[in-house]
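Visitor: everything below, folded, please.
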Amino acid sequence: MEEQFVMKTAVAMIIFNRPDTTKEVFEAIRQAKPPKLYIISDAPREGRGEEKKKVAETRGYVESHIDWECEVIKNYAESNMGCKKRVASGISWLFEHEEAAIILEDDCVPKQEFFRYCQEMLEKYKDDESVYMVSGTNDLPGYTIKGDYAFSHFASIWGWASWRRAWSKHYDIKMSEWPKVREEKKLRSLFSNALQYRLFVRDADKIHAGLVDTWDLQWVFTILNNNGVGITPKGNLIHNIGCGREDATHTKDNSREVSEYGEFSFPITFADKVEVDKEYEKHYTKKFYGIKRVLNAAIQKVLKK
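Guide: Numbers count the residues shown, from 1 in each chain. This is a model prediction of the structure:
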């Protein structure tokens, strides 16, 4: 008879000004009952009176509904930091306290299987420095992963987990090495054609120049630049409920599809070795850096006009 799953891993929840989505994510965490809950929150922006109330309501809901035995550690910004600095600094703070942890933003609603999947992967690959993260999102529901999970240089931060050894040692919010990497075309081989690579370079140039208030492409670059990999489950374990909203940070146009939950069962059949699924990567770069992305961007511009 299979042993009952016991949650032992700390969970970090990143919240801000969306009480409705936060409640859904929190209720999934509440059901899992992690022994430690880290709450990371930005402060309201100046000149937005209604936001102060929303931030207070969001924080208050989480704090008042923790009804299981749990150590709660809070990191609340005193003034608004913005997405880039708040999330990155919050994760860095988290890994000052934890060797490994699960991270959920306020719009990524996990299936309960997500917690066990992350916990077992964190334990399995804790000493393998080539593995940088465990993702709960499968961005390619049309592609069949042969095993229970795939290794790839590309992985989603919509519900994920990682280790101090990966984040604290390697993450650089400034992408300091990007100019040299760009000049040497070090990452060109990861993309199937010139268009895909140009789109990646364009994104990286913007991030390096500080033109986009985000933290996640820096993490993607960290993994790619160090020839690291992430883990993607065969069945999607995260449902993002934040797309297409006016209060979304980077997904206002709903141009990125939101996958429905998939199936994932236990016990996990672990891979014999860490080996990149090259076919998965081919499909991934085609989807997110291919011609469809160019067309979608053009359509969105027309619609906005």
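Visitor: only C-alpha atoms for contact and neighbour calcs from this point on.
Guide: Fine.
Visitor: where exactly do the helices run in this protein?
Guide: 19-32, 49-64, 82-97, 113-124, 164-170, 178-184, 194-208, 216-225, 278-289, 291-304 (DSSP state H).
Visitor: tell me which of these lies nearest to His153.
Guide: helix 216-225 (6.0 Å; Cα to Cα).
Visitor: shouldn't Ile73 be in contact with Tyr38?
Guide: Yes - if you go by Cα atoms under 8 Å, Ile73 and Tyr38 touch, sitting 4.8 Å apart.
Visitor: okay, the two: which has more neighbours?
Guide: Ranked by neighbour count (other Cα atoms under 10 Å), Ile73 and Tyr38 place Tyr38 first, with 23 against 14.
Visitor: what pairs with that one across the strands?
Guide: Ala12, Ile73 (DSSP bridges).
Visitor: how about it, what does it touch?
Guide: Ala10, Val11, Ala12, Met13, Val72, Ile73, Lys74, Asn75, Leu94 (Cα atoms under 8 Å, 6 or more residues apart in numbering).
Visitor: excluding residues flanking it in the chain, which one is nearest the second one?
Guide: Setting aside the residues directly before and after it, Val11 is nearest to Ile102 in space (Cα to Cα, 6 or more residues apart in numbering), at 4.7 Å.
Visitor: the one you found: neighbour count?
Guide: 25.
Visitor: next one: Gln218
Guide: The number of residues near Gln218, taken as other Cα under 10 Å, comes to 22.
Visitor: what about the stretch 1-150 of the chain, any weak spots by pLDDT?
Guide: 1-3 (pLDDT under 70).
Visitor: I'd say Pro44 and Tyr76 touch.
Guide: No - if you go by Cα under 8 Å, Pro44 and Tyr76 don't touch, sitting 10.7 Å apart.
Visitor: of these two, who's got more company?
Guide: Using other Cα under 10 Å as the criterion, Pro44 and Tyr76 rank with Pro44 on top: 23 against 17.
Visitor: give me the phi and psi for the more buried one.
Guide: phi -60, psi 150 (degrees, to the nearest 10).
Visitor: and it, how far is that from Ile103?
Guide: 22 Å (Cα to Cα, to the nearest Å).
Visitor: what count of nearby residues applies to Thr21?
Guide: Number of residues near Thr21 (other Cα under 10 Å) recorded here: 19.
Visitor: so who does the closest residue to it other than its chain neighbours touch?
Guide: Distances taken as Cα to Cα, 6+ apart place Asp107 nearest to Thr21, at 5.3 Å, with adjacent residues excluded. The contact partners of Asp107, by Cα under 8 Å, 6+ apart, come to Thr21, Thr22, Glu24, Val25, Asn240, Ile241, Gly242.
Visitor: if we go to 10 Å?
Guide: 14-15, 18, 20-26, 158-159, 238-243, 248 (Cα atoms under 10 Å, 6 or more residues apart in numbering).
Visitor: my read: Arg86 touches Pro44, true?
Guide: No - using Cα atoms under 10 Å, Arg86 is not in contact with Pro44, being 11.8 Å away.
Visitor: what is in contact with these two at once?
Guide: Phe16, Ala77, Asn80.
Visitor: any idea which of those residues is closest to His170?
Guide: For those, with His170 as the reference and Cα to Cα as the criterion, the closest is Ala77, at 24.1 Å.
Visitor: pLDDT score assigned to Ser168?
Guide: Predicted confidence (pLDDT) for Ser168: 98.
Visitor: so who does the residue found closest to it once you drop the neighbours it is linked to in the chain touch?
Guide: Counting by Cα to Cα, 6+ apart, Ser168 lies nearest to Ser92, which is 6.4 Å off, once chain neighbours are set aside. The neighbourhood of Ser92, defined by Cα under 10 Å, 6+ apart, consists of Arg86, Glu98, Arg164, Trp167, Ser168, Tyr171.
Visitor: could you dump the residues you listed into JSON lines and include neighbour count?
Guide: Shown next, in JSON lines, are the contacts of Ser92 (neighbours: other Cα atoms under 10 Å):
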{"residue": "Arg86", "neighbour count": "23"}
{"residue": "Glu98", "neighbour count": "14"}
{"residue": "Arg164", "neighbour count": "20"}
{"residue": "Trp167", "neighbour count": "20"}
{"residue": "Ser168", "neighbour count": "16"}
{"residue": "Tyr171", "neighbour count": "18"}
